[in-house]
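# Following is a predicted model, sequence given first.
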Amino acid sequence: MTESTEIRLVKIDTGNFRDIVMLEVKEEQKNFVAHNAYSLAEAYANLARGRFVQPFGIYAGDVPVGFLMIGYFRKEDARPEEREEGVETMDFEYGNYLFWRFMIDKEHQGRGYGRKAMQLALDYIRTFPAGPAEYCWLSYEPKNEAAKELYRSFGFVENERLPQGWDEIPALLKL
């Protein structure tokens, strides 16, 4: 990334959703993150239920290079029928921000875009757009070492235990 390349977060709308859907991770990373089309459908379904979800395109100048999605769920948003059987609910899931999805396109990795986008997203979260919170949390696949190191560098700390039924490692950041 050159100093003149501005990294910015752009809300997803009818003007840019196709560009974001076309972004892909490397083949060996496909098990680490849901496809952007699925994530946008999930965002829409949650928005339709009145929940706070904000998907963003990550742009280097005018070029879409990644995608991220933030959520915030209140305790009253929890619906037992939506939980998979045997999946434990953790206290940090409610009343805190969820860094829900995060990816950089395979053609744009290794340029510092992810680090800058993560900082912009955390700056946005710290404005508390959906309400107050003590934490921001996320989860990642245990084999995703690059994500683990990036999240740790921002101060995310892995939860002391893996919740029952979870296959991803949760990590929390005190806001």
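Looks like it arrived, so ask away. Numbering: from 1, shown residues only.

# quick one: the helices in this structure?
Remark: helices assigned in the chain by DSSP state H are 17-21, 36-48, 113-125, 145-153.

# ranking those by burial, who's on top?
Most buried of these by mean neighbour count (mean count of other CB atoms under 10 Å) is helix 113-125; its value is a mean of 18. C-betas here are computed from N, CA, C, even on glycine.

# Now do that helix against helix 145-153, angle only.
If you take axes from the mean of the first three to the mean of the last three CA atoms, to 10 degrees, helix 113-125 sits at 40 degrees to helix 145-153.

# Could you pull up the mean pLDDT of helix 113-125?
Per-residue pLDDT over helix 113-125 has a mean of 96.

# going forward can the numbers begin at 26, since that is how I track them
All set: I'll call the first residue 26, so the last point we hit is now helix 138-150.

# list the helices and strands it packs on?
Counting contacts by 3 or more CB pairs under 8 Å, 6 or more residues apart in numbering; DSSP states H and E, helix 138-150 is packed against strand 32-36, strand 77-85, strand 88-97, strand 122-129, helix 170-178.

# circling back: tabulate the helices of the chain in CSV, adding columns for distance to residue 122.
As requested, the helices of the chain are exported to CSV (distance: least, CB to CB, whole Å):
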stretch, distance to residue 122
helix 42-46, 21
helix 61-73, 14
helix 138-150, 5
helix 170-178, 14
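
# For residue 101, find the nearest of these.
helix 61-73 (13.9 Å; CB to CB).

# Give me the contacts around that closest one.
The contact list for helix 61-73 (CB atoms under 8 Å, 6 or more residues apart in numbering) reads 37, 42, 45-46, 48, 59, 78-80, 92, 94, 96, 125-126, 128.

# Make a PyMOL selection of the buried ones in the residues you listed.
In PyMOL syntax, the buried subset of the contacts of helix 61-73 is picked out as below (16 or more other CB atoms under 10 Å):
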select buried, resi 37+45+46+48+78+79+80+92+94+96+125+126+128
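
# Nearest to residue 158, out of the contacts of helix 61-73: which one, please.
residue 96 (11.3 Å).

# From residue 58, how far off is the closest one?
Note on residue 96: its distance to residue 58, by CB to CB, to the nearest Å, is 15 Å.
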